[in-house]
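K.L.:
With the input below, show me the fold.
(one chain, ligands or ions: 2)
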Amino acid sequence: MTTRAHPLYATMKPTIFEHMSGLARTHDAINLGQGFPDEPPHPDMIAAAARALAEKSNQYPPAFGLPELRDAICKFYARRQGLTLTREHVIVTSGATEALAAAILALVGPGDEVILFQPAYDSYAPMVQRAGGIPVSIALSPPDWRYDAGGLAAAITPGTRVLILNDPLNPAGTVASEAELAMIADICVRHDLFAICDEVWEDVRFDGTPHRSLMSVPGMAERAVKIGSAGKIFGLTGWKAGWLCAAPALATALGRAHQFLTFTTPPALQWAVAEGLDHPDAWFAAQREGWAASRAHLRDALEMEGFVVLPNAATWFLCIDLAASGIALSDREFSERAVREAGVASIPVSALFEGNGPRHILRLCFAKDGAMLDEAVARLAAFRDKLRSEN
Ligand code: PMP
Ligand code: GLN
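P.N.:
Ligands and ions are numbered 1, 2, ... in the order given. Okay, here's the model as predicted:
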């Protein structure tokens, strides 16, 4: 099929998440690929959205978001992360993906270089390219995926304008240390860079440590754009309600980019997220305990079968080292075959690298019930044994 669409899109493939979920549907596989929880949503959230649909306006809300939600986001971050934000810092968006697009369109111009760390969420590089910018990728290495000051400094040129940091990091589930945040902030200040801080996993942490935003590091308040997602905070990925936070003048400019992307976000979901963010800490802790139990369940089941699981502290994902687990196939070959032949969908981490990256790391989503996780691990183990017997 030929088309005169922009060449970036004319040849673009579906995202790895869409690809694997499509294969999972076709092959009726257990879907541990795309990240979404399988348990029923929290009834409080559904009740709040239903009440808002019935009782509140269903017409366009303000472009920058319901004031009540913008205030609730400020209160949530004050309470949980010690940030001091006002309503003027916050723009509500249709998910973090839209917030990223608005931030990139507003900050990146033709020829601007943008530092990305790989593995990278798949929208970053294409959005930078569409804005006319040049993605400059720095590869992180398993199993620790640490940030290296020398590598970062070497990637900066007079044309560097923006750095994108995803912390906690999807797919690895690792968290930047205080020293790494200080090092990254120092480079942003010294080279006068904006930092787009994709912190959608900020509240899905299992190390008992409150999230520390790059925005809160000295020197960053005026140059950071902090992005969050209700999809992750409440395990409601289909809601596509997110936001960005930045110093007020910057937030207003980013809001202008947002006004011609989606303009606004469904009001009932905004009301429900505002109510949800107001829940006491114990409510969030209970939700997190449920995810932590599933995380431990999948890790134990995988290790019992001899799979080598990488250390991590956040996200709904565990990564396994295929080579160390006795699997010679690349992550891509393994995941393409496992969904068809074993009935388990996964994400090959190499899909989140451009060019050279590790090809032996597979990401699995654990936010599922125990029986489903057990069945998936049994299938993966049987498939690994079958692969061994083929050799
Ligand atoms: N950034 C990262 C790192 C993500 O993992 C995701 C979703 N998994 C997003 C952005 C997008 O979030 P949303 O669904 O709110 O657009
Ligand atoms: N970021 C989600 C994940 O890591 C997927 C988002 C999407 O499918 N666009 O699974």
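
K.L.:
Low-confidence stretches in this protein?
P.N.:
1 (pLDDT under 70).

K.L.:
List the residues that contact the closest residue to ligand 1 within the stretch 201-350 of the chain.
P.N.:
Residue nearest to ligand 1 within the stretch 201-350 of the chain (Cβ to the nearest ligand atom): Ser229, separated by 3.3 Å. C-beta here means a position set from N, CA and C on the backbone, and glycine is covered the same way. With contacts defined as Cβ atoms under 8 Å, 6 or more residues apart in numbering, Ser229 is in contact with Gly95, Ala96, Val200, Ala241, Gly242, Trp243.

K.L.:
was I right about the second one contacting Val200?
P.N.:
Yes. Here Ala96 reaches Val200: they are 4.7 Å apart, a contact under Cβ atoms under 8 Å.

K.L.:
Quick check: residues of this protein near ligand 2?
P.N.:
Thr15, Phe17, Gln34, Gly35, Asn170 (Cβ under 6 Å from any ligand atom).

K.L.:
switch the cut-off to 5 Å
P.N.:
Within reach of ligand 2 by Cβ under 5 Å from any ligand atom, the chain has these residues: Phe17, Gln34, Gly35.

K.L.:
gap between the last one and Ser21?
P.N.:
Put plainly, it is Gly35. Remark: distance between Gly35 and Ser21 (Cβ to Cβ, to the nearest Å) = 10 Å.

K.L.:
Likewise for the second one?
P.N.:
Using Cβ to Cβ, one obtains 5 Å as the distance from Gln34 to Ser21.

K.L.:
and if you look at Phe194?
P.N.:
Remark: distance between Phe194 and Ser21 (Cβ to Cβ) = 33 Å.

K.L.:
now swap in Ala176 and tell me
P.N.:
For Ala176 relative to Ser21 (Cβ to Cβ), the value is 29 Å.

K.L.:
And Ser325, by the same measure?
P.N.:
For Ser325, the distance to Ser21 - Cβ to Cβ - is 24 Å.

K.L.:
same thing with Ala106?
P.N.:
30 Å.

K.L.:
again, but for Glu333
P.N.:
From Glu333 to Ser21 the distance is 19 Å (Cβ to Cβ).

K.L.:
quick one: which of those two has more around it?
P.N.:
Per other Cβ atoms under 10 Å, whichever of Glu333 and Ser21 has more neighbours is Ser21, with 19 against 15.

K.L.:
need the contact list for the more buried one.
P.N.:
Asn31, Gly33, Gln34, Ala345.

K.L.:
redo that, cut-off 6 Å
P.N.:
Gln34 (Cβ atoms under 6 Å, 6 or more residues apart in numbering).

K.L.:
wait, does the strand or helix carrying it contact ligand 1?
P.N.:
In the assignment (DSSP states H and E), Ser21 maps to helix 16-26. No. Judged by Cβ under 5 Å from any ligand atom, helix 16-26 stays clear of ligand 1, getting no closer than 7.6 Å.

K.L.:
What residues of that helix count as buried?
P.N.:
By 16 or more other Cβ atoms under 10 Å, the buried positions in helix 16-26 come out as Ile16, Phe17, His19, Met20, Ser21, Leu23, Ala24.

K.L.:
do stretch 211-229 as well
P.N.:
211-217, 220, 223-229.

K.L.:
next helix or strand past the helix holding Ser21?
P.N.:
Immediately after helix 16-26, counting by DSSP H and E, sits strand 30-31.

K.L.:
The next helix-or-strand element following that next one: how far from the chain's middle?
P.N.:
On the C-terminal side of strand 30-31, the closest following helix or strand by DSSP H and E is helix 43-55. Mean-position distance between helix 43-55 and its chain equals 26 Å (Cα atoms, centre = their mean, to the nearest Å).
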